[in-house]
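A.B. asks: requesting a structural model of the entry that follows:
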Amino acid sequence: MSKYLLLIALAVLLFAIAILNLVRQNMLTMKYALLWLGLSLLTIIALIWPGLLNELSSLFGFVSMSNMLFLIATFVLIMICVSLSVIVSNQTKKIILLIQEVSLLKSKYEQKDLEDED
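C.D. replies: Numbers count the residues shown, from 1 in each chain. Just a heads-up that it's a prediction; the model follows:
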């Protein structure tokens, strides 16, 4: 294994440790960490079996392995963006509902407070 592959393997290992650290500190849920840990695992598999990417790219008819990797990376990034858009939309709906509930409770509290003063 060349020194570059070892350097990449070390970087992937440090990345996985950083992701697990974020999960441990409750800054990232395991649901989202699994995506990044899976990507780390796939990278390690590609490092262990370097011919795999060449075989897959020729199997799917790509002229160059880098073309296949760019297509896969683009697809993964688009899927992450769509997933995050869905999450943001759901959070926005929940925030609006929460604001409405707080406003109703505040209104009831103020109305009760006015009744108690009389």
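A.B. asks: low-scoring stretches of the chain, by residue?
C.D. replies: Scanning the chain for pLDDT under 70 picks out 1, 118.
A.B. asks: all helices for it, in order.
C.D. replies: Using DSSP state H, the helices of the chain run over residues 3-24, 30-48, 51-59, 65-117.
A.B. asks: now mean neighbour count too, for those helices, in TSV please.
C.D. replies: No exception for glycine: its C-beta is placed from N, CA and C like everyone else's. Shown next, in TSV, are the helices of the chain (neighbours: other Cβ atoms under 10 Å):
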stretch	mean neighbour count
helix 3-24	13
helix 30-48	14
helix 51-59	13
helix 65-117	11
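A.B. asks: can you list contacts of stretch 19-29?
C.D. replies: 30, 33, 36-37, 40 (Cβ atoms under 8 Å, 6 or more residues apart in numbering).
A.B. asks: give me the distance from it to the chain's centre.
C.D. replies: 12 Å (Cα atoms, centre = their mean, to the nearest Å).
A.B. asks: could you dump it to CSV, C-alpha only?
C.D. replies: Extracted as CSV, the C-alpha positions of stretch 19-29 are listed here (Å, rounded to 0.1, in the frame of the first residue of the first chain):
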residue,chain,number,x,y,z
ILE,A,19,-18.5,11.9,13.2
LEU,A,20,-18.7,9.5,16.2
ASN,A,21,-17.5,12.4,18.4
LEU,A,22,-20.3,14.6,17.1
VAL,A,23,-22.8,11.8,17.9
ARG,A,24,-21.4,11.4,21.4
GLN,A,25,-21.8,15.1,22.0
ASN,A,26,-25.4,15.1,20.7
MET,A,27,-24.5,17.5,17.9
LEU,A,28,-25.4,14.9,15.3
THR,A,29,-28.0,12.2,15.5
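A.B. asks: contact partners for residue 56?
C.D. replies: With Cβ under 8 Å, 6+ apart, residue 56 has these contacts: residue 68.
A.B. asks: 783 is where my numbering starts, stick with that
C.D. replies: Right, with 783 as the first residue, what we last looked at is residue 838.
A.B. asks: ends of stretch 827-847, what's the gap?
C.D. replies: Length of stretch 827-847, first residue to last, Cα to Cα, to the nearest Å: 16 Å.
A.B. asks: thanks a lot, see you next time.
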